[in-house]
Structure formats: structure tokens, C-alpha cells
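[1] Sequence plus the predicted model coming up.
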Amino acid sequence: FLHSLFARASTTTNFFCKMEALRKANVPCVSSAVLVTDPSLPTIGSFSSILTTITRSVPDDCVKKTMSQTVLFDSSNGNTVLLPVEEASSALDVLVRSPSQKLTFTSWKKDKETKETLIAVTSNSGVFTSFNCKEIHKSVYSPGTTFGGICFVEDETAIVYIAECKGEKETEWGVGVADDASKMTTKYEHVDNWGEQHTEISKTAIFYWKWSEEGAKPVEIDVQGLENVTLGSVCASSDSQTLVFSAFKNTNSFRLGAQYCINRFSSIYMCPLKGGKATRISNDSAHCRLPMISPEGNVIIWLETNALGPHMHASRIMCCAFDDALSGSPQEKQLCEQRVYTGGFSQRSFLNASTLVFSHVVKSTKVISALNIYTGALTTIKSTAEGGAWGVFDVINNTILACFGTPARGAVLMCAVVGSGDGEKEVTADDISSTTWTQLTASEDFGLRFKQFDLGDKDIVVLLPKEEGEGSSEQQTKFPTIVVPHGGPHSVFVQGYYSMYAAFALSGFACVFPNYRGSIGWDDDTLNSLLGKVGTQDVEDVIELVDYAIQHESALDGEQLIVSGGSHGGFLTAHLTAQYPDKFVAAALRNPVTDISSMVFVSDIPDWCFVEAGLQVKKRSEITTEDLDVMKKASPLPLAANVKTPSMIMIGEKDLRVPPFQGRIWFEALRENGVDVKMFLYPEDCHPLTTPKCAADVHVNLFLWFKSHLKKDNTSDTKEEATEKAEEKKE
């Protein structure tokens with residue numbers, strides 16, 4: 001029902017109409033959800049008042065739309081009722097519900113020209129109040145983003161949140177300067193920011209808004225004792241008297257990009273709600289982020305990783321007693337011995353007073369675990385031995401709202417009640433092990449198949465088209481196979497749903513996702529083994545994994561291999577086509593790294609260039625010719641003359657992470673050598689290439705490029721073409 005409804009909604013999509021498989025694969029997947037227990041909301045018959053609001057993203061006319069739906073769930077028997085789907089406002093930048101679920105805080109831009117920020121608080125029955133913040137601050141930053149944080153305080157009559165400071169009014173010659181040649185203008189002056197996807201984030205502050213008082217304006221909280229920092233991730237004590245937040249250090253010379261990087265110097269601080277001196281409660285020489293306070297208000301918890309080094313690695317879950325921090329004598333400690341690969345916690349994360357629930361990566365799976373914050377016991381709630389990826393949306397009163405997806409099927413909404421369902425009772429190990437899940441929403445089964453091959457310190461995930469019917473052909477069909485090395489390199493292809501690759505599988509391609517040594521999800525030794533060996537170890541691992549998959553999965557066509565990757569995946573694609581010039585029939589590179597020795601001077605993360613090349617991080621003015629030689633040797637550019645594979649390059653012209661010239665020089669190098677090569681430039685996109693129009697264009701062109709270079713095309717043969725090929729084979 002859900003799929004057919006959303007499929008009809010997206011039939012007018014211009015690009016997608018050219019690609020039925022992409023439109024079909026781009027099923028709406030659950031992107032967020034929250035449990036609501038507001039008695040003012042509807043119930044039906046014997047159904048409990050627990051409601052679920054689901055946000056789904058649907059491509060329509062190449063515009064990303066957000067749909068919302070309410071699901072009534074009876075926890076006593078697992079029955080559900082789905083209420084009608086509604087379109088949510090696409091203009092909202094921020095939407096956060098209060099702990100009681102009775103109020104919603106939103107923020108949006110008035111228009112694209114003025115970029116005035118508006119904020120509002122609404123109840124479930126209508127608007128309470130709104131405010132135009134144009135004279136107070138710029139954008140409000142949402143929880144879940146690098147610097148975002150919002151929380152309700154004082155019995156939900158007020159809100160504290162992170163926003164960009166307004167700064168001084170820009171001046172331009174002849175406009176507001178009044179011919180005063182003694183003053184320099186400021187409109188075009190460079191202002192330090194946090195790089196890729198964070199160019200508008202420079203100086204943030206914590207603001208307090210007593211929205212319940214008529215005419216009240218947001219005011220900046222005076223956090224004293226901190227200089228040259230960017231504030232983020234704010235939360236409040238149970239009595240609303242104390243704020244806990246993170247503070248990122250602003251370097252004096254150059255701020256390194258923060259997006260995708262959990263290795264920037266940052267610490268956790270606390271200060272009074274109404275302002276005052278800030279007290280540091282965490283390590284000062286690490287990356288500390290996402291503080292939260294336990295339900296009883298007695299423990300502060302946060303995530304900590306090493307500063308510098310690889311951009312992604314396992315996090316320590318840290319804590320300190322709230323009273324110790326308040327007294328000025330914080331004693332931080334690691335909550336559990338195991339470090340975890342996690343992006344963070346949901347806004348509500350506790351089953352009860354002692355049990356923290358979150359999802360984290362283990363090899364290429366994503367599991368849900370429960371951590372007792374007093375004993376340090378970490379227990380997996382839901383094992384993914386069958387494969388797939390879990391994510392946590394909301395946790396309250398021993399109830400967990402989560403999603404589960406696989407490469408073959410889109411994510412569905414799942415719910416579990418752990419133990420008795422009484423949030424006051426302790427959850428036991430038996431409760432956790434006996435937890436059962438109820439599926440609340442559906443996801444269409446296209447008949448796609450997936451499997452994983454585990455080689456110990458690395459693995460490969462395989463996505464296959466629908467299996468041919470028995471007796472449909474004399475020989476088992478072999479599918480042209482797309483090799484997709486992930487970026488990072490310290491990232492991972494988890495066994496979740498990727499609509500673009502599901503669309504390829506629906507079109508008759510197999511896809512394989514090699515997680516080479518250096519991927520997250522394994523131990524530190526495995527991750528760090530890649531440092532200084534990029535371009536060799538990761539390339540060899542990809543080849544080993546792909547060859548292993550071909551040997552153990554007969555549906556993969558080793559004679560028709562395609563390679564496609566972005567960022568470091570593009571770096572690997574370039575290396576693979578240069579080092580194995582006869583192995584691949586086609587290649588695609590999205591914002592690829594091709595020459596580390598030149599990228600180091602322009603990228604927003606120059607430290608990446610040093611670390612991955614195995615060098616000590618230093619100022620760019622101190623780089624030696626020996627350093628450049630090492631970086632050049634690790635790069636694919638010196639090997640470009642070996643490439644014979646037809647290659648397509650796709651570049652986001654606003655990319656600050658891998659500057660556009662990296663792809664351009666690869667394009668020119670291949671063209672000089674007579675290689676069949678095309679380049680596409682997307683002027684409004686940055687590193688991910690994910691705006692709806694760009695993403696659709698990328699997929700359509702990828703499909704046509706790959707299809708046009710197959711030695712034999714099994715993806716869409718007409719009956720006549722199939723007959724002709726069969727006759728040629730007999731001859």
C-alpha cells in the first residue's frame with residue numbers, strides 16, 4: 001500500500017521517467033521517527049496512545065519531498081493502524097519535538113534573498129508563537145549535525161539552541177560607506193569557516209528563548225572564559241539550571257574541515273543557564289562530542305575519539321558524575337572497555353534510568369546495543385547475524401523505535417518492548433536476549449538478493465538481481481558487475497539499502513562493495529594498517545575481494561567488470577584502472593582524489609593528505625620536496641598513462657573537500673592519452689553530489705555509460721538481439 005502510494009506520487013519525476021528502475025528502487029524509506037504519548041492525539045479502539053510519526057523522503061520532479069505519517073501501535077499485540085500520508089513542509093531547516101511530545105520547535109528561512117531566520121513553537125493543536133531573528137542571529141543548527149543542538153528547558157516553557165552569530169553589518173563600497181575612503185569594506189573579506197558543507201558556520205553561540213512569555217526575544221547566553229571556539233551540541237540539566245555543551249577549538253592559522261571528521265580538537269563544558277564562567281569537564285587534547293545527561297540527572301555522557309590521525313575511528317563512551325563536574329572537580333572515565341563505531345545517540349536514548357541504547361557498526365553490519373551506565377555492561381539487543389543494518393530513532397519507557405534495511409530491501413520501521421515495558425524497572429540480560437521486534441511498516445520486495453563474504457580483516461557485500469526462474473535458460477545468467485569501493489578511506493559500506501545500486505540491480509547489474517583493510521568496523525590495528533599504504537594495500541585488497549567474490553558467486557561476470565567510486569573511492573577507481581588496465585570494461589569517478597601532492601595545498605582537510613600518505617602533519621609552508629614525493633608516489637596521476645578503461649568523471653564545482661581540479665587533471669591526462677573519457681560538471685553541488693537533480697543526472701549517465709561499454713549486454717536485450725547473439729555464439 002505504502003509503496004504504491006508513493007510510486008504514484010513520483011510518476012512525474014522528469015529524470016526518473018527515463019529510468020524506470022531508479023524510480024522503482026527509490027522507494028520511500030523511513031528517515032526519522034519518534035514515539036508520541038500525547039493523550040490529545042487520536043487513538044482507535046483498543047490501541048494504545050503510543051503514536052509514531054515517520055518522515056519519508058520521496059523524489060518528485062527532481063525535488064526532494066518529505067512525507068509524514070502517523071502509525072497507531074498496540075504494544076500488547078503488535079497490531080498497527082496506518083493513518084493517511086501527509087506532505088510535510090519542505091521549507092523547514094529544523095524540527096525538534098519536546099520531551100513530552102506536546103510541543104514542536106521549528107526554524108526556517110523567510111526567503112532565499114534575505115536569508116532571515118524565523119523560529120516558532122507549536123502545539124499539536126496549532127501555533128503558539130513565532131519570532132523573526134534577523135536582528136539577533138543567523139541560521140539555527142539542528143541536532144544531529146556537527147554543531148547543532150536544541151533543548152527545551154524550564155518545564156518546556158523555554159528553549160536553548162545553537163545558532164550562527166549575526167556579526168557586524170557587511171559594508172560595500174558605495175553602499176552604506178558614504179564615500180569614506182578611510183574605512184575598509186567587509187562584504188568580500190574572507191571569514192574563517194568549517195569547510196565542506198559548513199561554509200556558513202564561523203562563530204556560533206547558545207541562545208535562550210522564553211517563548212511562553214509574550215513578546216520575549218531570544219537572547220545570547222554569556223558563556224564566559226572561552227575564546228576562539230565554536231559552540232555546539234547543547235543539553236540541559238534536569239532542573240534547567242546548568243547547560244552542558246561542546247566547544248571546537250578554532251586554530252589561529254587555518255580551520256580544518258569538520259564534516260565527516262571526528263578528529264578535531266573539541267571539549268565538553270558546562271555553565272549556568274543564564275550565563276557565567278564555563279568549566280571544562282572532558283579531555284582537552286581529544287575530540288569530544290555529543291554530550292547528554294542521564295534521565296536521573298546524575299551522569300554526563302559523551303563520545304570521545306583521538307584528535308588528528310584518521311578522520312574516522314572508534315569512539316570511547318565517556319562519563320563523569322554531574323555533581324563532581326558542578327563542583328569543579330570532574331573525574332572523567334570510560335564507561336565500557338569496548339570502543340564503538342557510532343555516529344551518536346538519538347535525542348532520547350534511555351530505556352530506563354540506567355540503560356543507554358544506540359546503534360553502531362560491526363564489520364559491515366550495524367547492530368543495536370544496550371549499555372548499563374553504572375556497570376559498563378554492553379549487550380547487543382538485536383543481532384544481525386542474517387545481515388542488514390539497524391538504526392535507532394527513539395527510546396523511551398523500555399520501548400525502542402528503530403529501522404532495519406538490507407541492500408536488497410528498503411528500511412522498514414521496527415518496534416520492540418524490552419522486558420515488562422515498565423521504564424521504572426531494571427532491564428536484565430534475559431530481557432535483552434528475549435526481545436522480539438514488531439514490523440510497523442512495509443517495504444516492497446523486488447526479489448533482489450544479497451550476501452556477504454567475510455575474509456577476517458575485510459569483507460565484501462554482494463547485491464544480485466532477481467534470480468531467474470528455474471529452467472528459464474540453459475546456463476545460469478551471469479550479470480555484469482559493478483565494483484564500488486567506498487570513500488574515506490576510513491568508512492564502510494554497511495549492509496543497508498542504497499537506492500542507486502538497487503536500481504542497477506533491477507536493471508540487470510550485480511554490485512559488489514569491498515570493505516578493504518582500513519575500513520571502520522574492525523579493530524584499530526586493521527584500520528591503521530592502511531596509513532602510508534594508500535594506493536597499494538587498499539588496491540590489492542579490492543582486487544583480492546572482488547576475485548574471491550567472483551570465485552564464490554557464479555552469478556558475477558568476471559569478464560564484464562565495471563568500477564565506480566567517489567572521493568577516496570574515486571582515488572581507488574583511478575588506481576585500479578591504472579594498475580589493472582585490462583580488468584575493467586568501464587569506470588566512473590565522482591569527485592576523485594588523483595594527486596595528493598597538489599590537493600594538500602587546496603583541500604579543507606590538508607591533514608588527510610599527510611596522514612594517509614604516512615607523514616607527520618605539518619604546516620603547509622613547511623612541506624618539503626620529500627613530502628611531496630611521498631604524496632605523489634601514493635597518487636594515481638603518475639600512472640595515468642597506463643589507463644585504457646573508458647572513464648566518466650563527475651565533479652561538484654563547489655567541492656571544498658576534493659577540489660574540482662583533481663578530477664579535471666585526470667580528465668585531461670586520459671584525454672591526452674586517447675582514452676575514451678567524458679566529464680560532467682555540476683555547478684551547484686559539492687562533495688556528495690546529492691541534490692535531487694544532480695543525483696538523478698548522475699545515475700542516468702552512469703547507467704548509459706556502463707551499458708554502452710559492456711562486451712555483451714545482458715541488461716536489456718530485445719528478443720531479436722538475444723536471438724542474433726545466440727546465432728553468433730553457435731558460429
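    On my side now, so go ahead. Numbering: from 1, shown residues only.
[2] What is the burial count for the closest residue to G78 other than its chain neighbours?
    Leaving aside its sequence neighbours, G78 sits nearest to T438 (C-beta to C-beta, 6 or more residues apart in numbering; 4.1 Å). (C-beta placed from N, C-alpha, C; glycine too.) The local packing count at T438 equals 16, with neighbours defined by other C-beta atoms under 10 Å.
[3] Test my guess that T438 contacts N77.
    No: with the criterion set as C-beta atoms under 8 Å, T438 and N77 do not qualify as a contacting pair; they are 9.2 Å apart.
[4] do you know how far G149 is from V229?
    When C-beta to C-beta, to the nearest Å is the yardstick, G149 and V229 sit 14 Å from each other.
[5] Ok, V34 next?
    When C-beta to C-beta is applied, the distance between V34 and V229 equals 31 Å.
[6] got the contact list for the residue nearest to G78?
    Residues near T438 by C-beta atoms under 8 Å, 6 or more residues apart in numbering: 73, 78, 80, 414-416.
[7] Adding secondary structure, write those out as JSON lines.
    Compiled in JSON lines, the contacts of T438 are given as follows (DSSP: H, G, I helix; E, B strand; the rest coil):
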{"residue": "F73", "secondary structure": "strand"}
{"residue": "G78", "secondary structure": "coil"}
{"residue": "T80", "secondary structure": "strand"}
{"residue": "M414", "secondary structure": "strand"}
{"residue": "C415", "secondary structure": "strand"}
{"residue": "A416", "secondary structure": "strand"}
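[8] Farthest pair within the residues you listed?
    Pairwise distances across those peak at 13.8 Å for T80 and A416 (criterion: C-beta to C-beta).
[9] what residues are up against the nearest residue to H552 once chain neighbours are set aside?
    Counting by C-beta to C-beta, 6+ apart, H552 lies nearest to F453, which is 6.2 Å off, once chain neighbours are set aside. The contact partners of F453, by C-beta under 8 Å, 6+ apart, come to 459-460, 462, 545, 548-549, 552.
[10] So among those, which ones count as buried?
    Of all the contacts of F453 considered here, the ones buried according to neighbour count by 16 or more other C-beta atoms under 10 Å are 459-460, 462, 545, 548-549.
[11] Is it possible to get JSON lines of those that adds distance to N124?
    Rendered in JSON lines, the data for the buried ones among the contacts of F453 read as follows (distance: C-beta to C-beta, whole Å):
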{"residue": "D459", "distance to N124": "46"}
{"residue": "I460", "distance to N124": "48"}
{"residue": "V462", "distance to N124": "46"}
{"residue": "L545", "distance to N124": "51"}
{"residue": "Y548", "distance to N124": "54"}
{"residue": "A549", "distance to N124": "51"}
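[12] Out of those, which sit inside strands?
    Those of the buried ones among the contacts of F453 mapping onto strands are 459-460, 462, per DSSP state E.
[13] quick one: low-confidence ranges for the stretch 251-400 of the chain?
    Segments of the stretch 251-400 of the chain classed as low confidence (criterion: pLDDT under 70) are 252-253, 383-385.
[14] 80 - rerun?
    Applying pLDDT under 80 to the stretch 251-400 of the chain flags the ranges 251-254, 382-386.
[15] those helices in it, which residues are they?
    Under the criterion DSSP state H, counting those that start in this stretch, helices of the stretch 251-400 of the chain are mapped to 322-326.
[16] For it, which segments are assigned as strands?
    Applying DSSP state E, counting those that start in this stretch to the stretch 251-400 of the chain gives strands spanning 266-272, 276-277, 279-280, 286-293, 299-306, 316-321, 333-334, 355-362, 365-372, 378-382, 389-396, 399-406.
[17] ok, the third one: who's next to it in the sheet?
    This points to strand 279-280. In the sheet containing strand 279-280, the strands it pairs with under DSSP bridges are strand 266-272 (antiparallel).
[18] Other residues contacting the strand it pairs with?
    Outside of strand 266-272, the residues that reach it under the criterion C-beta under 8 Å, 6+ apart are 221, 223-224, 226, 241-249, 277-284, 286-289, 291, 300, 302, 325-326.
[19] And for stretch 611-626?
    Where contact means C-beta under 8 Å, 6+ apart, the residues beyond stretch 611-626 that reach it are 253, 308-311, 489, 530-534, 596, 600-601, 606-607, 610, 627, 630-631, 634.
[20] Tell me the span between the first and last residue of that stretch.
    Using C-alpha to C-alpha, to the nearest Å, the end-to-end distance of stretch 611-626 comes out at 15 Å.
[21] Give the burial count for the spatially closest residue to K466 that is not a sequence neighbour, as a bare number.
    Distances taken as C-beta to C-beta, 6+ apart place G447 nearest to K466, at 3.5 Å, with adjacent residues excluded. Counted by other C-beta under 10 Å, the residues lying close to G447 total 13.
[22] Just give the number of residues close to D431.
    20.
[23] Please name the nearest non-neighbouring residue to G297.
    According to C-beta to C-beta, 6+ apart, the nearest residue to G297 is S238 (3.6 Å).
[24] correction: S443
    Nearest residue to S443, sequence neighbours excluded (C-beta to C-beta, 6+ apart): G410, at 4.2 Å.
[25] element containing that neighbour?
    Secondary-structure element containing G410, defined by DSSP states H and E: strand 409-417.
[26] average pLDDT across that strand?
    Per-residue confidence for strand 409-417 averages out to 88 on the pLDDT scale.
[27] That one pairs with which strands?
    Strand pairing for strand 409-417, using DSSP bridges, gives strand 399-406 (antiparallel), strand 437-439 (antiparallel).
[28] Check these for me and report the most buried one.
    The densest packing among those, expressed as mean neighbour count by mean count of other C-beta atoms under 10 Å, is seen in strand 399-406 with a mean of 24.
[29] Mind exporting the C-alpha coordinates of that one to PDB?
    Output of strand 399-406 as PDB, limited to C-alpha atoms (Å, rounded to 0.1, in the frame of the first residue of the first chain):
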ATOM      1  CA  THR A 399      10.400   0.800  24.100                       C
ATOM      2  CA  ILE A 400      12.700   1.100  21.100                       C
ATOM      3  CA  LEU A 401      11.800   2.500  17.800                       C
ATOM      4  CA  ALA A 402      14.300   1.500  15.100                       C
ATOM      5  CA  CYS A 403      14.700   0.900  11.400                       C
ATOM      6  CA  PHE A 404      16.100  -2.100   9.600                       C
ATOM      7  CA  GLY A 405      17.200  -2.500   6.000                       C
ATOM      8  CA  THR A 406      19.300  -4.600   3.700                       C
END
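[30] roughly how far is it from the heart of the chain?
    Relative to the centre of its chain, strand 399-406 is centred 17 Å away, using C-alpha atoms, centre = their mean, to the nearest Å.
[31] that older thread, can you add pLDDT and distance to I162 and give the buried ones among the contacts of F453 back as JSON lines?
    Output for the buried ones among the contacts of F453, formatted as JSON lines (pLDDT from 0 to 100; distance: C-beta to C-beta, whole Å):
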{"residue": "D459", "pLDDT": "98", "distance to I162": "38"}
{"residue": "I460", "pLDDT": "98", "distance to I162": "40"}
{"residue": "V462", "pLDDT": "98", "distance to I162": "42"}
{"residue": "L545", "pLDDT": "98", "distance to I162": "42"}
{"residue": "Y548", "pLDDT": "98", "distance to I162": "47"}
{"residue": "A549", "pLDDT": "98", "distance to I162": "45"}
